[in-house]
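Undergrad: Everything below, folded, please.
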Amino acid sequence: MPYQEISSDGLRLVAGYLYEPMMTLGNAYQKLRTSTDALGEPWGNDETGIHFAETYVPARDQLFTTLGDVETGFRALQHNLYQAADSYDQTEQSNSH
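TA: Numbering: from 1, shown residues only. You can find the predicted model right below:
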C-alpha cells in the first residue's frame, strides 16, 4: 500500500472548499422554501386541486427534507474535517515531546 501523508492544512483546505457549495445550497433552499410558502396553497379544494395536492405536497415536502439533509451533511462534513485537522495537530504536538 502506498504511503499516505495526512496534512492538517490539507484537511482545513478541503473543509474550506465546502463553504461555498454549502452556502449556495442553503441560500437556494431558503429562497425556494420562502417563495413556495408565500404562494400558499393556490390549487383549491375542488377535485383537480385535491388531486394536484396529493401529488405535489409529498414531493415538495420530500424535496425540502432532502435539501435540508444535504445542507446538514455539508455542515457536518466541514465540521468533522476541521475537527480531524485539530486532532491531528494535537496528536503530532503530543508525539513531538
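
Undergrad: Counting neighbours, what do you get for the residue nearest to Val70 when sequence neighbours are not counted?
TA: Spatial nearest neighbour of Val70, chain neighbours left out: Leu25 (6.2 Å); criterion: C-beta to C-beta, 6 or more residues apart in numbering. C-beta: built from backbone N, CA, C; applies to glycine. The number of residues packed near Leu25 is 16, by other C-beta atoms under 10 Å.

Undergrad: is it true that Met22 touches Ala76?
TA: No. Met22 lies out of contact with Ala76 (C-beta atoms under 8 Å); the separation is 10.3 Å.

Undergrad: Between the two, which has more neighbouring residues?
TA: Neighbour count, other C-beta under 10 Å: between Met22 and Ala76, Met22 has more, with 18 against 10.

Undergrad: and the longest helix along the chain, what other elements does it pack with?
TA: Identified as the longest helix of the chain according to DSSP state H is helix 47-95. On a contact count with 3 or more C-beta pairs under 8 Å, 6 or more residues apart in numbering; DSSP states H and E, helix 47-95 meets helix 8-17, helix 19-39.

Undergrad: now, of these, which is deepest in the fold?
TA: helix 8-17 (a mean of 15; mean count of other C-beta atoms under 10 Å).

Undergrad: helices and strands around it, which ones?
TA: helix 47-95.

Undergrad: The helix it packs on vs helix 8-17, what angle?
TA: Calculated by axes from the mean of the first three to the mean of the last three C-alpha atoms, to 10 degrees, helix 47-95 forms an angle of 160 degrees with helix 8-17.

Undergrad: Tell me which residues touch the residue positioned nearest the centre of the chain, please.
TA: Nearest to the geometric centre of the chain sits Glu71, at 1.4 Å (C-alpha atoms, centre = their mean). By C-beta atoms under 8 Å, 6 or more residues apart in numbering, the residues touching Glu71 are Met22, Leu25, Gly26, Tyr29.

Undergrad: Quickly note the distance from it to Gln90.
TA: 29 Å (C-beta to C-beta, to the nearest Å).
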